[in-house]
Every structure is written in structure tokens, then in C-alpha cells.
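# Coordinates for the following, if possible.
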Amino acid sequence: MNGDDDLARLGVVVGGGLLAAVLGIVVFVVVPGSLVDLLGLLLTIGVVLLGTRAAGDFADSAFPDYNVAEVAVEGPITRDGSTPGPIPGGALGATADDVVEGIERADEDDAVDALLVKLDTPGGQVVPSDDIRRAAADFDGPTVAYATDVCASGGYWIASGCDELWARRGSIVGSIGVIGSRVNLADLAEDLGVSYERFAAGKYKDAGMPLKELSEDEREYLQGIIDGFYDDFVERVAEGRDMEPEAVRETEARVYLGDDAHELGLVDSIGTRDDVEDRVEGLLDTEVSVREFESKKGLAARLRGGATAVAYAAGAGVASVLVDDEQDFRLRL
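Coordinates of the predicted model:
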């Protein structure tokens, strides 16, 4: 972007704001008369703000100062940004629909030639994570993911949809596995004199209920669900990372520091954010300027506690909690 474009953008923004101010004064102050001057002034301010924002959006579109888009996936991944389950503090995580919206907006923006995907997440729900992975894979241009603190489970699932994955030496990477869990309260219920009576239609409808012991048949059924998720996870990673499925399975759902993940082929390169930008410049063969693409809905879904995410990844595993209203059986990626 040159100096003439800078002046042009500034002119559009200032001109739009002045035009909005004049229009607001005429419509809300001059025409109605003095009785509504105060209200007119307030409305004028509102019109000025809206007009300036609209002019700014138009200027960004007409005179873009970026050629690379960045989206961030931070905190546990869910559909709406909430974090049900065993995550302490109830911090907000990554809202999958908002991340997908950002990727799709970048893909539709003629100024954007490449996509950066910042990953600092212990994982999350299966389908929302896969939605982000699919959006990244469908992006028309180079896609480079880079891990900061944590890129585990659902985060790694997303990275497998990108052309490359970079990490820091101290990044936590991996956790390619699935765990199922249920609280067994049968003995406690018996001690308290609480009994479980079954009213259900369908043999496995209450499989996983905590107030009863699992039968061998139910245990096999639930293990089959876990095995199915794991097979799909391995297949997605092997395809996206160009690895043999057996090599993926041999990681045994461990998490690795960046250097170790690189040696295993789970990460393409080790480097800083500046190194990642240098790599994108090489891919595009031009100087790059990065703009973050966020959801227009706001920033609330992006708030999260970094320490919570790291503790959750290292301690509890990388979670995607799928809870049937009638059961208490949890699956965690």
C-alpha cells in the first residue's frame, strides 16, 4: 500500500464522517426546531459514529492495506463459546461459528491471498472443531497454522486442515486420542438407600447412567463409540498431515513439546510469529501485511484464561464433551 492510498483512505473516512454530521444536524436539529435540540444532538452524534464506521468499512474495502488474513482459535472450542464440563472457572472459549465466519469472510475478500490460523487451544467439541478445520481446508490460498501455548486434540484436528503447522519450542502439541468417562455412583447410592428404576425405550438409552453398574454389553457399546471417534480422528490427521495412520496411532495420545513434535512429523517447522510471516512472504513472493478477521458479533467469545487452557490440556486432557440429556457419559478428544 502506497502513500496515495493512505491519503485516499483518510479522505474517505473524514469525508464520510463530515457528511454524516451535516446530515444529522439537518435532519435532527434544524428541521425539528429548538424543542428537540438536545435529542437532535444525541442523535447526530449517533449518526456521526455510524457514518464514520461505515466510511471506514468502505475505505478498508476500496483501499485495503493487508493481503493476509488471520483468525484466532483460543480457549476450549464450542459452538457458542461457553465451556460446559470440567473446566474450572467457566471461562469463555472459541466460538466455532464466529471463527468459521471470519475464515469465510477472508476467503471472499479479494485482497486476501493467504490465511494464518493462530491456535492456542486445548481442543473442544468434535463437530465445531471439524467445522473450523473444513473452513480452513476450503480456503482458496495458502493456509499456515501456528501454535502458541497449546495446540492439542481439537486444535490439532484444525491444524490438520491447514497446509503447514508451525509451533514454538515450548508449545504443547498433540493429544490425538479420545477418552470416555462416567461417574459410578452405584455403591454410594446403595449406601444411601437410593435405588435406580429404569423407564426407557431402547436397549441402550440409559447406558452410562451413574446410578447403575454397567453391563458388559453396555461397556462394549460405549467403547465402540470411543473407538469410532478415535478411528475418525486418526484418519483426519493422517490425511491432513500426510502421515501413515499407524504413525499417528503410535503417538498414543501423548502431548509433546514443540521440538519433539517436530521430530515426529507432527509439526512442519519451529519458529516465532515473525518466522511464520516470513514463510508466508516466501509462499506469496511478496511483502505481507496481516489483518485479523473477527466475527462482527463482538469479542466476548474470544475472552479466555490462558492458564486455564494449559492446565486443562495437561491435566484433564483435551475435551470435547458430548452429553446426552438422558445420560452422563462424556467423550473427550
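# which ones are touching the residue positioned nearest the centre of the chain?
To find the centre residue of the chain, average its C-alpha atoms and take the closest one (C-alpha atoms, centre = their mean): that gives residue 73, at 3.3 Å. Remark: with contacts taken as C-beta atoms under 8 Å, 6 or more residues apart in numbering, residue 73 is in contact with 94, 99, 117, 118, 119, 120, 121, 132, 155, 158. C-beta here means a position set from N, CA and C on the backbone, and glycine is covered the same way.
# Show me the helices in this protein, by range?
All helices of the chain, identified by DSSP state H, fall at 3-25, 37-62, 96-108, 126-138, 154-159, 186-191, 216-241, 245-249, 258-263, 273-284, 306-311.
# got the end-to-end distance for stretch 98-117?
When the termini of stretch 98-117 are compared using C-alpha to C-alpha, to the nearest Å, they are 13 Å apart.
# ok, residue 11 - how many residues close by?
Burial of residue 11 is recorded as 13 neighbouring residues (other C-beta atoms under 10 Å).
# if we can go back for a sec, which residues does the residue nearest to the centre of the chain bridge with?
With DSSP bridges applied, residue 73 shows beta-bridge pairing to residue 119.
# so what pLDDT did it get?
Residue 73 is assigned 95 on the pLDDT scale.
# now it: how far from residue 158?
Taken as C-beta to C-beta, to the nearest Å, the spacing of residue 73 relative to residue 158 amounts to 6 Å.
# joint contacts of those two?
When contacts are counted by C-beta under 8 Å, 6+ apart, the set common to residue 73 and residue 158 consists of 117, 119, 121, 132.
# Now for those: which two are most distant?
Spatial extent of the shared contacts of residue 73 and residue 158 (C-beta to C-beta) is set by the pair 117 and 121 at 10.6 Å.
# The two: which is more packed in?
When neighbours are counted by other C-beta under 10 Å, residue 121 comes out ahead of the other of residue 117 and residue 121, with 32 against 29.
# Contacts only, for the more buried one.
73-77, 93-94, 150-152, 154-155, 158, 309.
# Most neighbours of all these, which one?
Counting neighbours by other C-beta under 10 Å, residue 151 comes out on top of those with 38 neighbours.
# Setting aside sequence neighbours, what's the nearest residue to that one?
Excluding its sequence neighbours, the residue lying closest to residue 151 (C-beta to C-beta, 6 or more residues apart in numbering) is residue 119, at 4.4 Å.
# and if you look at residue 127?
residue 79 (7.7 Å).
# Would you agree the one you found is in contact with residue 94?
No - if you go by C-beta atoms under 8 Å, residue 79 and residue 94 don't touch, sitting 10.1 Å apart.
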